[in-house]
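Enquirer: Got a sequence here, can you build the structure:
(one chain, ligands or ions: 1)
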Amino acid sequence: MLNIEQIRSLPKALLHDHLDGGLRPATVAQLADELGYAGLPASGSQNLARWFKEASDSGSLESYLETFVHTVAVMQTAAAIERVAFECAEDLANDGVVYAEIRFAPELHQSKGLSLDEIVEAVVAGFARGEKEMAAQGKKIVMRTLLTAMRTAARSSEIAELSIRWRERGVVGFDIAGKEAGFPPSRHLDAFDLIHRANFHMTIHAGEAFGLPSIWEAVQVCGADRLGHGVRIIDDITKNADGSFELGELAHYVRDRRVPLELCPVSNVHTGAAKNIAEHPITTLTKLGFRATVNTDNRLMSQTSMSTEMYLLHTEAGFTIENLRWLTINAMKSAFIPFDQRLDIINNVVKPGYAKAISEFN
Ligand SMILES: [Zn+2]
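Expert: Model prediction:
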């Protein structure tokens with residue numbers, strides 16, 4: 001059995017992580033002080049950390065989303081946003097992450113008057129500073145950005161254009177997130193059309209709380225390159241009495257076309273989309289060869305990290321180090337950076353890192 005420190009030393013790739021879901025509790029408290037935000041539900045970083053965990057562990061996606069009111073409230077100046085982005089790079093690199101695509105919704109950071117471009121600029125600057133500082137410490141990480149539009153709002157075309165405008169400066173894709181109930185992704189077809197016409201990339205939050213119709217719509221109507229979560233694809237898979245599996249048409253399509261699933265096991269347990277890690281669909285989806293990846297979603301709310309996710313898969317769901325390597329290579333294959341850059345990280349960082357670990361740990 002591997003321990004958490006051994007898992008931390010493995011190279012990891014992260015495709016689904018929200019910038020406003022990964023703040024350090026101490027940073028939330030400090031920024032609230034600096035910005036004069038009096039709305040925090042608890043004081044002191046330990047109490048705050050506990051509050052975030054409890055509020056997000058309630059079993060409903062709606063109350064989980066409420067916790068973001070407070071993190072977003074303290075990310076309203078360029079300096080605060082740059083700091084949060086920098087610390088994100090630092091925390092991920094210290095956790096052994098070598099490649100990350102971090103997403104955030106620029107439209108949520110305008111309450112003190114920042115323009116959308118100023119917000120993206122602050123995030124990109126924080127990531128660049130993090131990359132530089134961590135490389136100097138021998139912990140090289142590549143930080144890229146996805147811009148999220150809120151499915152409950154009507155600014156998706158504007159955000160799609162913003163992501164395309166920043167494509168040469170660290171933004172590698174577009175995303176839609178927020179409450180699924182009553183807000184189908186097909187409300188945002190204009191935005192997806194802009195992305196497709198620009199030969200750009202997108203992922204859509206689908207198949208988390210909602211089931212197959214939302215996955216079908218994201219893939220077949222909206223043309224998503226990846227599925228944010230997509231875990232409910234399991235509903236289209238039947239287990240026979242003899243232990244074999246039968247895939248429905250949509251499950252076949254998603255697997256056979258290698259549509260990446262940005263699975264987030266701990267987050268799913270918190271929001272009630274899965275009962276526990278041992279019974280999380282990631283095990284079956286891995287067995288059936290779906291393009292499964294493992295992700296953190298919201299490190300603060302779920303008190304998780306890439307090492308925690310992998311450690312739980314290892315100890316509670318029986319994932320071997322070879323399975324963890326497979327998940328990591330899947331993530332790198334599914335990244336939105338150019339193919340040659342993906343190959344470079346797979347061949348020169350991920351594979352040698354795992355080869356070394358396998359010979360040392362086994
Ligand atoms: Zn998410």
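
Enquirer: how close does T148 sit to V123?
Expert: 12 Å (CB to CB, to the nearest Å). C-beta here means a position set from N, CA and C on the backbone, and glycine is covered the same way.

Enquirer: residues shared between the contacts of the two?
Expert: Counting by CB atoms under 8 Å, 6 or more residues apart in numbering, the common neighbours of T148 and V123 are F104.

Enquirer: Let me see the residues that make contact with stretch 207-215.
Expert: Stretch 207-215 is contacted by residues 61, 180-181, 184-185, 206, 218, 227-233, 235-236, 250, 254, 268, 271, 273 when judged by CB under 8 Å, 6+ apart.

Enquirer: In this model T145 seems to touch A128, though I could be wrong.
Expert: No. A128 is beyond contact range of T145, at 10.7 Å (criterion: CB atoms under 8 Å).

Enquirer: So if I had to pick from those two, which one is more boxed in?
Expert: Between A128 and T145, T145 has the larger neighbour count (other CB atoms under 10 Å), namely 24 against 17.

Enquirer: who does the more buried one bridge with?
Expert: Taking DSSP bridges as the rule, T145 bridges to I102, V171.

Enquirer: which stretches of the protein form strands?
Expert: Shown for the chain, the strands assigned by DSSP state E span residues 12-18, 97-104, 142-150, 171-177, 202-206, 226-229, 237-239, 245-247, 261-263, 292-294.

Enquirer: Which positions in the fifth one come out as buried?
Expert: If you call a residue buried by 16 or more other CB atoms under 10 Å, then strand 202-206 has these buried ones: 202-206.

Enquirer: Outside of it itself, list whatever touches it.
Expert: So strand 202-206 is in contact with 15-16, 146, 151, 173-178, 180, 185, 192, 195, 214-215, 217-218, 222-230, 262, going by CB under 8 Å, 6+ apart.

Enquirer: ok, back up a step: would a markdown table of the strands of the chain with distance to A38 and mean pLDDT be doable?
Expert: Converted to a markdown table, the strands of the chain look like this (distance: least, CB to CB, whole Å; pLDDT from 0 to 100):
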| stretch | distance to A38 | mean pLDDT |
| --- | --- | --- |
| strand 12-18 | 24 | 98 |
| strand 97-104 | 24 | 98 |
| strand 142-150 | 25 | 98 |
| strand 171-177 | 27 | 97 |
| strand 202-206 | 31 | 95 |
| strand 226-229 | 33 | 96 |
| strand 237-239 | 49 | 97 |
| strand 245-247 | 52 | 98 |
| strand 261-263 | 35 | 98 |
| strand 292-294 | 38 | 98 |
